[in-house]
Each structure stands twice: as C-alpha cells, then as structure tokens.
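>>> everything below, folded, please.
(one chain, ligands or ions: 2)
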Amino acid sequence: MNTPTPMIRLTTQRQIILEELAKVKTHPTASELYDMVRQRLPRIGLGTVYRNLELMAENGMILKIEVGGTQKRFDAFTDPHYHIRCSACGKVDDMEVPVIDELVNSAAQNSPYQILGHHVEFTGVCPRCQKKHNHAATTH
Ligand SMILES: [Zn+2]
Ligand SMILES: [Zn+2]
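Ligands and ions are numbered 1, 2, ... in the order given. Below is the predicted model:
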C-alpha cells in the first residue's frame, strides 16, 4: 500500500485492544489478547476482538505476523522489524537487528514484481528453553 489509508475510527473497544497490545512484547495471538481485553471489557467476544485486530492490521495501526505457519500474532510496534521464534516453546520476540533495505532494492532490481515488502523470521531456542534443556541434561 503506497497511499496512506485514512485511520479507522478509534472506538473504545479498539482503543482498549490497542492499549493492551501495546503493553506486551509477547506478540499475542487473538485469543491471548482476548483474555487480556476481557479483564477490562467483560462483555466483549472473541469474534469482536478478532475482527478489530484484522481491521487495525489492514489499516497499518498494528502488525499482523504469521510466523512458522502457526496462529496469527499481533504486534503494536509497527516500525519494520524482524522476529525470532523459539523452536521449542513457540515464543516470538523482536529481533534487534537492522532491517535490510538493500534486500528490497536488490529484489526490485532483479524481479519484474513491484516489491511491497519482505519479512524475515529467525528461528532459535529462547534463553528459558536453553536453561531447561541444560537442566535436563545435567540432572540426568
Ligand atoms: Zn522457548
Ligand atoms: Zn514485533
């Protein structure tokens, strides 16, 4: 999308969903976020949370990330950035590496496509799972 889309109306529901999403760096799934939002909006339904998330993602207010073919996750941090997924527990973290613009440029030069973006997903083992693994190895 090259033309800026007008922001959708920020209803109370969306405001709260956005606030809850911005509180965490865990890239929650819709149902995880639903559990958080429900503390503040006990009457809200999962379907409503899901629809609002999709809508806000389409409008660029949040990021929708699809990593490793698992459930969709959401991110309030919309600057381009990479993610790393733990292959043991499935946790998704932000990756503190610069986004490689050259990749997009060289893709644009070498492909007839109009390149809109790219995403990189790192896979690894998170510190907690590393500890668990080491622990299991030493106690055996
Ligand atoms: Zn892990
Ligand atoms: Zn992120």
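
>>> tell me the domain ranges of this protein?
Residue ranges for the domains of the chain, per automatic domain parsing: 1-77, 79-140.

>>> spell out which parts of the protein neighbour ligand 1.
Residues of the chain lying near ligand 1 by C-beta under 5 Å from the ion: 86, 88-89, 91, 126, 129. To be clear about C-beta, it is placed using only N, CA and C from the backbone, and glycine gets the same treatment.

>>> now E54: how far from ligand 1?
Going from E54 to ligand 1 by C-beta to the ion, to the nearest Å gives 27 Å.

>>> who's in contact with that residue?
Applying C-beta atoms under 8 Å, 6 or more residues apart in numbering to E54 gives the contacts K64.

>>> avg pLDDT for the helix or strand harbouring it?
Per DSSP states H and E: E54 is located in helix 46-58. Mean per-residue pLDDT for helix 46-58: 95.

>>> my guess is C89 contacts K131, does it?
No. In terms of C-beta atoms under 8 Å, C89 does not count as a neighbour of K131; the distance is 11.7 Å.

>>> is the helix holding E54 in proximity to ligand 2?
No. Applying C-beta under 5 Å from the ion, one finds helix 46-58 out of contact with ligand 2, separated by at least 12.8 Å.

>>> which residues sit against whichever helix or strand comes after that helix?
Sequence-wise, the next helix or strand downstream of helix 46-58 (DSSP H and E) is strand 63-65. Strand 63-65 has contacts (C-beta under 8 Å, 6+ apart) with 27, 53-54, 57, 72-78, 83, 92, 119.

>>> one step back: any buried residues in the helix holding E54, and which?
Across helix 46-58, burial judged by 16 or more other C-beta atoms under 10 Å covers 49-50, 52-53, 56-57.

>>> what's the span of stretch 110-124, first residue to last?
Distance between the boundary residues of stretch 110-124 (C-alpha to C-alpha, to the nearest Å) amounts to 30 Å.

>>> centre of the chain to it, how far?
Its chain's C-alpha centre and that of stretch 110-124 lie 16 Å apart, by C-alpha atoms, centre = their mean, to the nearest Å.
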